[in-house]
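Colleague: Quick one: sequence plus predicted model below, questions after.
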Amino acid sequence: MITIKFNTANGAFYECEGTESARIIANLCKHLEFHSMELSNNTYIIKDLNGHKIGSMETISEQTYEEDI
């Protein structure tokens, strides 16, 4: 499961809410592609273009692997 939540009520989103949101989501996609071959139970802090913490992405693996059995 992947849960993404971030607040768009600050200056980085002013008059470009869609563009900044798309940039953030694209960065999250890159993070998942290059750092998460298998999801783990992890929280990734989301920052806006200005470097302010605005939310988080939580990953939870619901898969069972042979070594876990």
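Modeller: Okay, I see it. Numbers count the residues shown, from 1 in each chain.

Colleague: Please, where are all the helices along the protein?
Modeller: Assigned by DSSP state H, the chain shows helices spanning 17-35.

Colleague: can you map out the strands along it?
Modeller: Taking DSSP state E, the strands of the chain run over residues 2-6, 42-47, 53-59.

Colleague: Within its sheet, name the partner strands of the second one and how each one runs.
Modeller: Using DSSP bridges, the neighbouring strands of strand 42-47 in the sheet come out as strand 53-59 (antiparallel).

Colleague: and the residue most central in space within the chain, bridged to which residues?
Modeller: Nearest to the geometric centre of the chain sits Met57, at 3.7 Å (C-alpha atoms, centre = their mean). Beta-bridge pairing of Met57, defined through DSSP bridges, involves Ile4, Tyr44.

Colleague: That one against Ile46, yeah?
Modeller: Yes - Met57 lies in contact with Ile46 (C-beta atoms under 8 Å); the separation is 6.2 Å. Using the backbone N, CA and C atoms, a C-beta is placed for each residue, glycine as well.

Colleague: shared neighbours, these two?
Modeller: Residues touching both Met57 and Ile46 comprise Ile4, Leu28, with contact defined as C-beta atoms under 8 Å, 6 or more residues apart in numbering.

Colleague: hang on, the earlier thing: what score does the residue nearest to the centre of the chain have for pLDDT?
Modeller: In this prediction, Met57 carries a pLDDT score of 96.

Colleague: Pull the contacting residues for it.
Modeller: Contacts for Met57 were tallied using C-beta under 8 Å, 6+ apart; they are Ile2, Thr3, Ile4, Lys5, Leu28, His31, Thr43, Tyr44, Ile46.

Colleague: Start and end of stretch 33-40, how far apart?
Modeller: One end of stretch 33-40 to the other measures 13 Å (C-alpha to C-alpha, to the nearest Å).
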